[in-house]
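Enquirer: here is a sequence together with a model predicted from it:
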Amino acid sequence: MKVLITGGAGFIGQRSAQLLLKQGHQVTVLDNLGPPAHDGPPALPAGIDLVEGDVRKREDWVKALKDNEVVLHLADHHDYLPSFSKLFHVNAVGTGILFELLLDGKTSVRRVVLGSSTAVYGEGKYRCGKDGDVYPHPRSVEALERGTWEPPCPLCGGAVSPMVTDESVTRPTSAYGLSKLAQEDLLKLVAERQRMEWVILRYGAVQGRPQPFQNAYYGALRIFALRAAHDQPPVLLEDGKQLRDFIDVEDVARANLSALGDLPVGTYNVASGRAHTVMDLARTLVRVADRELVPETPGLFRVGDARHAVPDVSRLKAAGWEAQVGLEAMARAYWQWLQEQPGLDTFFEGAEHVMARTGTVRMSR
């Protein structure tokens, strides 16, 4: 099989490419190799055909698509800074150019697999004692400023409990989530009309080795580990009790390979199936790092974050895939890898100041 991986020099892309090569497939990577994901050309596995280019440029797509049968579309802009136009240019417009070229009928592509995100769910599904299953609205800035972290029932205003969220209802609460949903909608619209095979994989909170530490704006495990490496305690947003499904990149790469092969057309959550609080992750990292550090919760919050994000993975499990790496093994592998990396001081300072200055992260009263 001849596979094109956009964003293939990135965190998820590299591991997916390695597994494909191991199974004897031919792999082409389209990547701009630019910051913040990269601070220089990465050491890609031998045997990969690298096309250095940008998914926003038609000519780069043309070079990369040549002779490939399947596209694993991972190229993605993701940060929490107010770079709204770039989010849509990279994520939505880049996907639009891909399908313009596929509609020309001059490629060999028969299947497109899109790496999406559980950010498309926003708050996801909750249960209200009075109104049953509900999907709360985005939390207001006013509530977050008061330190009111849990969303209310959108119908009665009462307390709700988080539930696992299946693939059926999407209500993004962030510009990133909106841009990913735009990708998804375009893919389904065009692919179904052209009778092209498609799969959408909505990733949970992907962590693990070797998630690059150059971009300090997202990725809880790397942020906590980078602070611990400097003997500073992890600083958690809100109260640290947010539920997340942290999944190791190795499991995500395995899911990608399933989607490139015979996974039936459709949309699937890709997560571990085990919910943990952000505090669980911080404490696990501190323990494996053997540091005497106590995670802190000063009351910071990020506008647009979902309070809880617990995806239902039963659909992908029914297709034969299941996560294999647990939280502690993931944290330990990342910590051990981080200790081998040079120049950690270069990437430690600055991110918190930028996020505060732009209003990305704020303090509750």
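Expert: Received, thanks. Residues are numbered from 1 along each chain as shown.
Enquirer: can we go C-alpha only for contacts and neighbour counts from here?
Expert: Noted.
Enquirer: now for this structure, the helix or strand with the poorest mean pLDDT.
Expert: helix 351-357 (a mean of 61; mean pLDDT, DSSP states H and E).
Enquirer: pLDDT weak spots in this structure?
Expert: Along the chain, segments meeting pLDDT under 70 span 35-41, 80-82, 213-218, 346-359.
Enquirer: mind listing what the residue of it most remote from its centre touches?
Expert: Using CA atoms, centre = their mean, the residue of the chain lying farthest from its centre is residue 130. It sits 33.7 Å away. By CA atoms under 8 Å, 6 or more residues apart in numbering, residue 130 lies in contact with residue 156.
Enquirer: isn't there a helix covering it?
Expert: No. Counting by DSSP: H, G, I helix; E, B strand; the rest coil, residue 130 is located in no helix; its state is coil.
Enquirer: any idea how far residue 150 is from it?
Expert: Per CA to CA, to the nearest Å, residue 130 is found 17 Å from residue 150.
Enquirer: again with residue 258
Expert: Counting by CA to CA, the gap from residue 258 to residue 150 is 36 Å.
Enquirer: same question for residue 302.
Expert: 14 Å.
Enquirer: and if you look at residue 250?
Expert: Residue 250 is 32 Å from residue 150, where distance means CA to CA.
Enquirer: more crowded one of residue 258 and residue 150?
Expert: Counted by other CA atoms under 10 Å, residue 258 and residue 150 do not tie: residue 150 has more neighbours, with 19 against 16.
Enquirer: residues touching that one, list them.
Expert: residue 307.
Enquirer: wait, a helix at it?
Expert: No. Counting by three-state DSSP, residue 150 is not found in a helix; it is coil.
Enquirer: and the residue lying closest to residue 166 once chain neighbours are set aside, what does it touch?
Expert: Leaving aside its chain neighbours, residue 166 sits nearest to residue 312 (4.9 Å; criterion: CA to CA, 6 or more residues apart in numbering). By CA under 8 Å, 6+ apart, the contact list for residue 312 reads 164, 165, 166, 167, 269, 271, 273.
Enquirer: how about these in CSV, adding neighbour count, distance to residue 23 and secondary structure?
Expert: Converted to CSV, the contacts of residue 312 look like this (neighbours: other CA atoms under 10 Å; distance: CA to CA, whole Å; DSSP: H, G, I helix; E, B strand; the rest coil):
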residue, neighbour count, distance to residue 23, secondary structure
164, 15, 34, coil
165, 21, 33, strand
166, 20, 31, coil
167, 18, 30, coil
269, 26, 24, strand
271, 30, 23, coil
273, 20, 27, coil
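Enquirer: closest one to residue 181 out of these, please.
Expert: residue 167 (12.2 Å; CA to CA).
Enquirer: may I have the phi/psi pair for the closest one?
Expert: phi -80, psi 0 (degrees, to the nearest 10).
Enquirer: quick one: it and residue 267 touch, right?
Expert: Yes. Judged on CA atoms under 8 Å, residue 167 makes contact with residue 267 at a distance of 6.8 Å.
Enquirer: so what are the domain limits for the chain?
Expert: Split into domains by automatic domain parsing, the chain comes to 2-125+164-363, 126-163.
Enquirer: out of these, which one sits most buried?
Expert: Mean neighbours per residue, mean count of other CA atoms under 10 Å, is largest over those for domain 2-125+164-363, with a mean of 19.
Enquirer: what is the end-to-end distance of it?
Expert: 49 Å.
Enquirer: distance between it and the chain's centre?
Expert: 3 Å (CA atoms, centre = their mean, to the nearest Å).
Enquirer: ok, and the closest non-adjacent residue to residue 224?
Expert: residue 234 (4.9 Å).
Enquirer: which residues touch the one you found?
Expert: With CA under 8 Å, 6+ apart, residue 234 has these contacts: 223, 224, 225, 227, 228, 282, 293, 294, 295, 296.
Enquirer: shouldn't the second one be in contact with residue 285?
Expert: To tie it back to what came earlier, the one meant is residue 224. Yes. Using CA under 8 Å, residue 224 makes contact with residue 285 at a distance of 7.3 Å.
Enquirer: please enumerate the helices of the protein.
Expert: 11-22, 58-65, 84-88, 94-103, 141-145, 175-193, 220-229, 249-260, 278-289, 314-318, 327-339, 351-357 (DSSP state H).
Enquirer: okay, those in CSV with distance to residue 3 next?
Expert: Formatted as CSV, the helices of the chain follow (distance: least, CA to CA, whole Å):
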stretch, distance to residue 3
helix 11-22, 8
helix 58-65, 9
helix 84-88, 25
helix 94-103, 15
helix 141-145, 44
helix 175-193, 18
helix 220-229, 29
helix 249-260, 8
helix 278-289, 34
helix 314-318, 22
helix 327-339, 28
helix 351-357, 35
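Enquirer: and the residue nearest to residue 325 when sequence neighbours are not counted, bridged to which residues?
Expert: Distances taken as CA to CA, 6+ apart put residue 248 closest to residue 325, at 6.2 Å, once the chain neighbours are dropped. Bridge pairing for residue 248 (DSSP bridges) gives the partners residue 207.
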